[in-house]
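Student: Take this sequence and fold it.
(one chain, ligands or ions: 1)
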Amino acid sequence: MEKLFELVALETKRQNEGLELIASENFTSKKVRALAGSVLTNKYAEGYPGRRYYGGCHYIDEIEGTAIELAKKLFNAKYANVQPHSGSSANMIAYASVLELGDSILTLSLDEGGHLTHGSPVNFSSKHYKVTHYGLKDDGTIDYEALREIALKLKSKLILAGFSAYPFIIDFARIGKIAKEVGAYFMVDMAHIAGLIAGGYHPSPFPYADIVTSTTHKTLRGPRGGIILTNSEEIIKKVNFTCFPGMQGGPLENIIGAKAQSFYEALQPEFKEYIKRVVENTKVASETLRALGAEASETETHLFLLNTKKSYGITGKDAEALLETIKITTNKNMLPKDDERPNTTSGLRLGFAAVTTRGLTEVNAAETARIIHEFLSKKITKEEAMIRVNKIVDTLQAIDSL
Ligand SMILES: *Cc1c(COP(=O)(O)O)cnc(C)c1O
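Tutor: The predicted structure follows:
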């Protein structure tokens, strides 16, 4: 259908012409896209390598086996399941693998940086499990002491760490110790920081975590999908059985092939270098905003939060819409103790993993922050902002050439 390809061409143009600051996005390599769009999508392969319910899985087994081996190597884990269709599915499978319905889990709430699947009232997680939340201290970091007290009091069955809008390093060793003390499973959802962990810029959840879930499409720069890792033979057996036949049918082997390629890419020295630049660019942008007087959080990762209500007197929703008019793509995000609703919010989450893949320099990361600040505080017009955005975009690599 011609119309669909015209729309893909328009979307390609949109991605090329803008500054992509959505912290959960990235630009995949040509090889990752080729595998995701390959004939592997034609194949049914219910089951696992060597144990399939369909014939003709000879090559598929080798592809999925390669993905498993590379995932284990990349994250230093003993076992991996690469079949979850998404990060949310991975979490659903992980919970169901180690918990009974109604068991208690302890997580960070959505408005403080958690994810929908971490017990949001509108999500299955809060309907299937008894969810309690720990919180952040005034400086925006996890209140580990309170976390320990709640966990001990409630005898939580599972403690979860790993978030969607948390700009600081997570102390996995500390939470792991608390989980041991409580007798809880320690689950890490590294969806956002998988690339940082792979690149060596965030401590690994192993050996502290019992079970680790992730997306593959955020900082890790793979295809849209999920994975589950563990060092426990008992847990991987449960995970494999819960994933198939428990919750999913045929795996997306085209996506699994693309995952394998992205793990391979993340094992190369250039990836470490890339993650280093991501962290540097993010830091420079947040520092620049603070130096200009904006209320931006500090950062140790690929993202930070900008309080647009305090900085510019506008909601996150309005800031997102305004920035879109100058081709800077962001997303509104709840801030800690936000009094606005989730579809309005008091601020933005800004991330530099995607633009850095296209080669954004530190100088241009700072310039991006200045454009955002001057435009949202109405010091420059849309036309003036656009000229400066275009100048940066002109220095970036085209997404189809990556
Ligand atoms: C993005 C994210 C997910 C969900 O991933 P999807 O692939 O969108 O389902 C889960 N957990 C965290 C912490 C995330 O940031």
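
Student: Please count neighbours and contacts with C-alpha atoms only from this point.
Tutor: Will do.

Student: Would you mind measuring from residue 104 to residue 162?
Tutor: To residue 162, residue 104 is 18 Å away according to C-alpha to C-alpha, to the nearest Å.

Student: swap in residue 341?
Tutor: Using C-alpha to C-alpha, we find residue 341 at a distance of 23 Å from residue 162.

Student: These two: who's more crowded?
Tutor: Ranked by neighbour count (other C-alpha atoms under 10 Å), residue 341 and residue 162 place residue 162 first, with 27 against 11.

Student: Let me see the contact set for the closest residue to that one other than its chain neighbours.
Tutor: Of all residues not flanking residue 162 in the chain, residue 189 sits nearest, at 4.6 Å (C-alpha to C-alpha, 6 or more residues apart in numbering). For residue 189, the contact set (C-alpha atoms under 8 Å, 6 or more residues apart in numbering) comprises 91, 160-163, 212-214.

Student: Which members of the residues you listed are positioned in helices?
Tutor: residue 91 (DSSP state H).

Student: what mean pLDDT does the helix or strand containing residue 356 have?
Tutor: Using DSSP states H and E, the element containing residue 356 is helix 353-357. Here helix 353-357 scores 98 as its mean pLDDT.

Student: quick check, that helix touching the ligand?
Tutor: No: shown here: helix 353-357 not in contact with the ligand (C-alpha under 6 Å from any ligand atom), separated by at least 13.6 Å.

Student: and that helix, what does it pack onto?
Tutor: strand 19-20, helix 269-291 (3 or more C-alpha pairs under 8 Å, 6 or more residues apart in numbering; DSSP states H and E).

Student: What's the first helix or strand after it?
Tutor: By DSSP H and E, the next helix or strand past helix 353-357 is helix 362-376.

Student: Identify the residues contacting that following helix?
Tutor: Under C-alpha under 8 Å, 6+ apart, the answer for helix 362-376 is 277, 280-282, 284-286, 288-289, 292, 294, 312, 319, 322-323, 380-382, 385, 388-389, 392.

Student: 7 Å - rerun?
Tutor: Helix 362-376 has contacts (C-alpha atoms under 7 Å, 6 or more residues apart in numbering) with 281, 284-285, 288-289, 312, 380-381, 385, 392.

Student: Out of all residues in this protein, which is the farthest from the middle?
Tutor: residue 55 (35.2 Å; C-alpha atoms, centre = their mean).

Student: which SS state does residue 227 fall under?
Tutor: strand (DSSP: H, G, I helix; E, B strand; the rest coil).

Student: Could you give the number of residues near it?
Tutor: Residue 227 has 26 neighbours, counted by other C-alpha under 10 Å.

Student: same question, residue 144
Tutor: Using other C-alpha under 10 Å: residue 144 sits among 17 other residues.

Student: what's the answer for residue 2, then?
Tutor: Counted with other C-alpha under 10 Å, residue 2 comes out at 6.

Student: what's the answer for residue 269, then?
Tutor: Residues near residue 269, counting by other C-alpha under 10 Å: 10.

Student: Tabulate the helices and strands packed on helix 353-357 in TSV, adding columns for mean pLDDT and distance to residue 173.
Tutor: Below are the helices and strands packed on helix 353-357 laid out as TSV (pLDDT from 0 to 100; distance: least, C-alpha to C-alpha, whole Å):
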stretch	mean pLDDT	distance to residue 173
strand 19-20	98	33
helix 269-291	98	22
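
Student: With adjacent residues omitted, what lies nearest to residue 208?
Tutor: residue 176 (5.1 Å).

Student: Tell me if that neighbour really is in a helix.
Tutor: Yes: residue state for residue 176 (three-state DSSP) corresponds to a helix.

Student: Quick check: it vs residue 146, distance?
Tutor: Taken as C-alpha to C-alpha, the span from residue 176 to residue 146 is 15 Å.

Student: circling back to that earlier point, what's across from the residue nearest to residue 162 in the sheet?
Tutor: residue 213 (DSSP bridges).

Student: hmm, back to that, of the contacts of residue 189, which are in range of the ligand?
Tutor: Answer for the contacts of residue 189 near the ligand (C-alpha under 6 Å from any ligand atom): 162-163.

Student: could the contacts of residue 189 be laid out in CSV, adding pLDDT and distance to residue 14?
Tutor: Shown next, in CSV, are the contacts of residue 189 (pLDDT from 0 to 100; distance: C-alpha to C-alpha, whole Å):
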residue, pLDDT, distance to residue 14
91, 98, 32
160, 98, 36
161, 98, 34
162, 97, 31
163, 96, 28
212, 98, 34
213, 98, 31
214, 98, 28
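
Student: wait, does the strand or helix carrying residue 260 make contact with the ligand?
Tutor: For residue 260, the host element (DSSP H and E) is helix 253-266. No: Helix 253-266 lies out of reach of the ligand by C-alpha under 6 Å from any ligand atom, never closer than 12.6 Å.

Student: With just CA atoms, put stretch 237-247 into CSV.
Tutor: Output in CSV follows, covering the C-alpha atoms of stretch 237-247 (Å, rounded to 0.1, in the frame of the first residue of the first chain):
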residue,chain,number,x,y,z
LYS,A,237,13.3,-22.4,34.4
LYS,A,238,10.3,-20.6,35.8
VAL,A,239,10.9,-17.6,33.5
ASN,A,240,11.1,-19.8,30.4
PHE,A,241,7.9,-21.7,31.3
THR,A,242,6.0,-18.5,32.2
CYS,A,243,7.0,-16.8,29.0
PHE,A,244,6.1,-19.8,26.8
PRO,A,245,3.5,-21.4,27.1
GLY,A,246,2.5,-19.2,30.0
MET,A,247,2.0,-15.9,28.4
